[in-house]
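Q: Just a sequence and a predicted model for now, questions to come.
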Amino acid sequence: MSKKILVVDDATIMRLMLKHLFENNEFTVVEAVNGKEAVELYAAHKPDLVTMDITMPDMDGITAVKEILKIDPQAKIIMCSAMGQVDKVKAAVMAGAKSFLVKPLQPERVLATVKQFLG
Amino acid sequence: MDSRVANQFIMASIEVFRKVGNVSLKKTGLEYFPGGHKISTGIATILGVTGDLKGQFIITLDESISLKIATAILMGVPVTQYDEVAESAVCEIGNMIGGEASKLLQEEGYKCDITVPSIVKGKEMEIAFYPAAPLFMIHFSCEWGPIDLILRFDNKPKA
């Protein structure tokens, strides 16, 4: 059975880009448009990995990481954000994110990082 | 406005377009409007800057470039009409430039955040700033066509 990835981003283009990339590499994709929806969908779908934007309406990505880890302390979450300042990276890692990719995303780098955590 | 601030946004724009579409932005002109200026544009994405710097930056471009940005982000999947996907691509390029500029500005000692982008589109549309504030307009050309970067900040240069 293919591994399931939850893609969380408020930008349509980024969800579409990651969906194409993952589906073309045999992953199943579930999409969320903000942190709040991500937490709900994580609980419902139990994905193998999450890609998480930071700046989103309703609930930001850092808060969503903390909420998801309350549901599943083993959750594998990779941040994908345009905001790559040191303090943002630190906040994400402190919240429990496994890795941090800065946009513009390089497809090969995204895939390599995902495969690193999904084996 | 501190020229170092303008330079970080210029460098960020060049870097983001290179990474997204492998296109080379070349600076073709810089205009300074001490009393503000109305901007005529086709599509503009407007982002706020908060923190040590307060103001806005705006990227303006035409519809054909928005389609090329969207196609590039989608790794070659063609986007042929201006729709939600193309609009989202323009917003995202603004986010990426803001993110890269923030990172570079932090290295210069400015700690800032970028607000969520908004987008405006229309023929012969004008954007005006109130109260009027000094404004820099940087003109770029690239393989995709002309792109402008507009910077408007309230701050005096940092000591």
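A: Structure's in. What do you need? Numbering: from 1, shown residues only, chains lettered A, B, ... in the order given.

Q: okay, CA-based contacts and neighbour counts for the rest of this
A: Fine.

Q: Can you pull up the most central residue in chain B?
A: Closest to where the C-alpha atoms of chain B average out (C-alpha atoms, centre = their mean) is B:Ile59, at 3.0 Å.

Q: residues in contact with the residue of chain B found nearest chain A?
A: Using C-alpha to the nearest C-alpha, the single residue of chain B nearest to chain A is B:Gly99, 4.3 Å away. Counting by C-alpha atoms under 8 Å, 6 or more residues apart in numbering or on different chains, B:Gly99 touches A:82-85, B:114.

Q: and it, that's in a strand?
A: No - applying DSSP: H, G, I helix; E, B strand; the rest coil, one finds B:Gly99 to be helix, outside a strand.

Q: confidence score at it?
A: Looking at B:Gly99, its pLDDT stands at 95.

Q: residues in contact with stretch A:26-33?
A: Contacts for stretch A:26-33 (C-alpha under 8 Å, 6+ apart): A:2-11, A:15, A:19, A:22-23, A:38, A:41, A:56.

Q: and which of the contacts of B:Gly99 is nearest A:Ile62?
A: Looking at these and their distance to A:Ile62, the nearest is A:Met83, at 12.1 Å (C-alpha to C-alpha).

Q: returning to what we had before: the residue of chain B closest to chain A and B:Val16, how far apart?
A: Distance, B:Gly99 to B:Val16, by C-alpha to C-alpha, to the nearest Å: 10 Å.

Q: among the helices and strands of the chain, which one scores worst on average pLDDT?
A: This is for chain A. helix A:86-95 (a mean of 93; mean pLDDT, DSSP states H and E).

Q: could you do chain B instead?
A: strand B:118-127 (a mean of 82).

Q: residue in chain A nearest to chain B?
A: Closest point on chain A to chain B, by C-alpha to the nearest C-alpha, is A:Met83, at 4.3 Å.

Q: hang on, isn't that residue packed against A:Val102?
A: Yes - the criterion here is C-alpha atoms under 8 Å, and A:Met83 meets it with A:Val102 at 6.9 Å.

Q: With neighbour numbers in mind, choose between these two.
A: Per other C-alpha atoms under 10 Å in any protein chain shown, whichever of A:Met83 and A:Val102 has more neighbours is A:Met83, with 26 against 19.

Q: tell me the SS of that one?
A: Classified using three-state DSSP, A:Met83 is coil.

Q: what's the closest non-adjacent residue to it?
A: B:Gly99 (4.3 Å; C-alpha to C-alpha, 6 or more residues apart in numbering or on different chains).

Q: same deal with B:Leu74?
A: In space, B:Leu74 is closest to A:Met17, 4.9 Å off (C-alpha to C-alpha, 6+ apart).

Q: give me every residue that touches the one you found.
A: Applying C-alpha under 8 Å, 6+ apart, we find A:Met17 in contact with B:73-75.

Q: Repeat that for A:Leu118.
A: Per C-alpha under 8 Å, 6+ apart, neighbours of A:Leu118: A:3, A:48-49.

Q: re the thing from before, so which elements touch whichever helix or strand comes after the least confident helix or strand of chain A?
A: Sequence-wise, the next helix or strand downstream of helix A:86-95 (DSSP states H and E) is strand A:99-102. Judged by 3 or more C-alpha pairs under 8 Å, 6 or more residues apart in numbering or on different chains; DSSP states H and E, strand A:99-102 is in contact with strand A:77-81, helix A:86-95.

Q: and among these, the most buried is which?
A: Ranked by mean neighbour count, these are led by strand A:77-81 with a mean of 25 (mean count of other C-alpha atoms under 10 Å in any protein chain shown).

Q: now what about that one, what contacts it?
A: Residues contacting strand A:77-81 (C-alpha under 8 Å, 6+ apart): A:49-55, A:61, A:65, A:92, A:96-103, A:105.

Q: buried residues in stretch B:22-37?
A: The neighbour-count check on stretch B:22-37 (16 or more other C-alpha atoms under 10 Å in any protein chain shown) flags B:23-25, B:27, B:36-37 as buried.

Q: First-to-last residue distance for that stretch?
A: OK, stretch B:22-37 end separation, C-alpha to C-alpha: 32 Å.

Q: For the residue nearest the centre of chain A, grab phi and psi.
A: In chain A, the centroid-proximal residue (C-alpha atoms, centre = their mean) is A:Thr51; its distance is 1.3 Å. With angles defined as degrees, to the nearest 10, A:Thr51 sits at phi -110, psi 130.
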